[in-house]
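[1] Provided below are the primary sequence and the corresponding predicted coordinates.
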Amino acid sequence: MRRGFISISRLLIVGVVIALVIAGCGGDWTERETQVTKVSGPLPAKSTAPAQPAESLDLGRIQHEGTPPQVGNTCPTGYDIKGAINVVKFGEQMYIMPGSSVYDSTTPQKCFASAEDAEKSGYVPYE
């Protein structure tokens, strides 16, 4: 008897909630002109530092850090060198050149434009 009572109670609560939701929004979720949203708390502090112009960015640093692989674990055009983590050598970062015997089976973590860029990022050549 008690089990049936609990099920009926739950069903009644769900019905009431659904009825309140439908009555409250009328099936229309658009914002009303009279609707006011209040936000409390302090405003964020304004930055007094001027914006950094693009010319002053260190593009060399950004370029040699590599780029993430594309969907399907392929390297984008111009970034043909695959940077991977060697699980056999305890997480050593290595780079694989195109034409290597393991190049096609390697899943890259990063892709590089040159071997020098990979080495600047701490990767060593695959042996």
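    That came through fine. This structure is a prediction, so every number in the text was calculated from the model and none was measured. Residues are numbered from 1 along each chain as shown.
[2] only C-alpha atoms from now on, for both contacts and neighbour counts.
    OK.
[3] next secondary structure after the helix or strand of the chain with the lowest mean pLDDT?
    The helix or strand of the chain with the lowest confidence, counting by mean pLDDT, DSSP states H and E, is helix 59-64 at a mean of 53. For helix 59-64, the following helix or strand on the C-terminal side (DSSP states H and E) is strand 81-86.
[4] can you spell out which helices and strands pack onto that next one?
    strand 92-96, strand 110-112 (3 or more Cα pairs under 8 Å, 6 or more residues apart in numbering; DSSP states H and E).
[5] pick the most deeply packed of these.
    Among the helices and strands packed on strand 81-86, strand 110-112 has the highest mean neighbour count (mean count of other Cα atoms under 10 Å), at a mean of 27.
[6] quick one: contacts of it?
    With Cα atoms under 8 Å, 6 or more residues apart in numbering as the test, strand 110-112 has contacts from 64-69, 75-76, 79-84, 118.
[7] residue 94 pairs with what?
    Note on residue 94: beta-bridge partners residue 84, residue 124, judged by DSSP bridges.
[8] against residue 113, how distant is it?
    14 Å (Cα to Cα, to the nearest Å).
[9] also residue 73?
    Residue 73 is 16 Å from residue 113, by Cα to Cα.
[10] of these two, which one has the most company?
    Set residue 73 next to residue 113 and count neighbours by other Cα atoms under 10 Å: residue 113 wins out with 20 against 15.
[11] okay, the more buried one: pLDDT?
    We have a pLDDT of 91 for residue 113.
[12] that one contacts residue 80, correct?
    Yes. Counting by Cα atoms under 8 Å, residue 113 does reach residue 80; the two are 6.2 Å apart.
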